[in-house]
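J.: Can you look at this prediction? I've put the sequence above it.
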Amino acid sequence: MLRPWSPSDSRGDSPGRPPANSPCSVASLSLGIASIAWYWVAAVLGGLTGGTHWAVWFTLVLIWPLIGVAAVVTGFVGKRQLRASGQPGAGVALSGIIMGFIAIAAFVLYLGPFMLVEVLTHVH
């Protein structure tokens with residue numbers, strides 16, 4: 001059973017302050033937010049260029065899923081670090097993992113059919 005944090009739980013950081021989250025957990029949350037936001041960057045670029053500019057496809061196909069994967073990986077590393085150290089903050093890592101998986105799923109559901117149609121229509 002988890003109990004609330006108290007000042008006597010400090011592990012040598014600063015007395016009276018809760019221990020910091022794992023850097024990987026914070027990175028996962030940041031990357032998770034970026035992975036969700038990156039879709040909108042691509043959507044704006046697509047709207048401004050009519051969807052044909054190379055930057056739109058580069059952003060959608062390469063950067064967007066990589067940010068999501070990085071959020072998931074750093075989230076699981078952060079959860080492992082927090083579990084090993086006994087620090088609180090697993091929710092931060094979990095949030096990054098969830099947003100990373102949302103970005104990956106959106107990438108597969110959004111671009112997967114378009115890529116499949118493109119490949120099938122250009123087969124000779």
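T.: Right, received. Where do you want to start? Everything quoted here is computed from the prediction, not taken from an experiment.
J.: What are the boundaries of the strands in the protein?
T.: Assigned by DSSP state E, the chain shows no strands.
J.: So which bits of the longest helix along it are buried?
T.: Secondary structure assigned by DSSP state H gives helix 90-121 as the longest helix of the chain. Using 16 or more other CB atoms under 10 Å as the test for burial, helix 90-121 gives 90, 92-104, 106-107, 111. Where C-beta positions appear, they are placed from N, C-alpha and C, glycine not excepted.
J.: check contacts around the nearest residue to residue 32 once chain neighbours are set aside.
T.: Spatial nearest neighbour of residue 32, chain neighbours left out: residue 99 (3.0 Å); criterion: CB to CB, 6 or more residues apart in numbering. Counting by CB atoms under 8 Å, 6 or more residues apart in numbering, residue 99 touches 29, 32, 33, 35, 36, 68, 71.
J.: shaky segments in the protein?
T.: For the chain, applying pLDDT under 70 flags the ranges 1-20, 45-57, 59-60, 115, 119, 122-124.
J.: for it, what spans make up the helices?
T.: Taking DSSP H, the helices of the chain run over residues 23-49, 54-58, 64-85, 90-121.
J.: angle of the last one against helix 23-49?
T.: Compare the direction of helix 90-121 with that of helix 23-49 by axes from the mean of the first three to the mean of the last three CA atoms, to 10 degrees and you get 40 degrees.
J.: top of the contacts of residue 99 by neighbour count?
T.: residue 71 (31 neighbours; other CB atoms under 10 Å).
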